[in-house]
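Colleague: predicted model and sequence below, questions to follow.
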Amino acid sequence: QAKLQPRTIRSIEGADKYPNKVTAWINKIEKVHRSKPPPHIQYTRPMPDIDQIMEVWPPEMEELLRSCPELIPDASLDVSVADYVRICCSILDIPVYDNIVHSLHLMLSAYHALQESNQNR
């Protein structure tokens, strides 16, 4: 686990007169927030690593999903939120045990990691 060092955050007197300083301050704060480690959750059952979930699908699977988008469940599916999470996790090979929150957390963590990797390209 990363050791976070305390940082001093200063204010800008007369901020309305120094928009460049305000922008630089906002950028520094955003950098601090990006450097924070993600929240950690202790799963009660074995879960796959995010890297496993983010592995590239076989080309046949990607082609099938591209040619038949109706295979991907959307919000119009008439099921409960819990069942919708189970369906989505099943598609992504994320196990669903008694605590669906753990599965949902892993799915959303993988989504976040994917978004981050796409932003860094």
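Modeller: Thanks, I have the structure now. Residues are numbered from 1 along each chain as shown.
Colleague: show me the shaky parts of the protein.
Modeller: 1-5, 7-9, 37-39, 120-121 (pLDDT under 70).
Colleague: top helix in it by residue count?
Modeller: Taking DSSP state H as the criterion, the chain has its longest helix at helix 100-119.
Colleague: which strands or helices does that one pack on?
Modeller: Using 3 or more Cβ pairs under 8 Å, 6 or more residues apart in numbering; DSSP states H and E as the contact test, the elements touching helix 100-119 are helix 50-53, helix 81-91. No exception for glycine: its C-beta is placed from N, CA and C like everyone else's.
Colleague: which other residues reach the first one?
Modeller: Here helix 50-53 makes contact (Cβ atoms under 8 Å, 6 or more residues apart in numbering) with 92, 93, 94, 106, 107, 109, 110, 113.
Colleague: 7 Å instead?
Modeller: Under the criterion Cβ atoms under 7 Å, 6 or more residues apart in numbering, residues 92, 93, 94, 109, 110, 113 lie in contact with helix 50-53.
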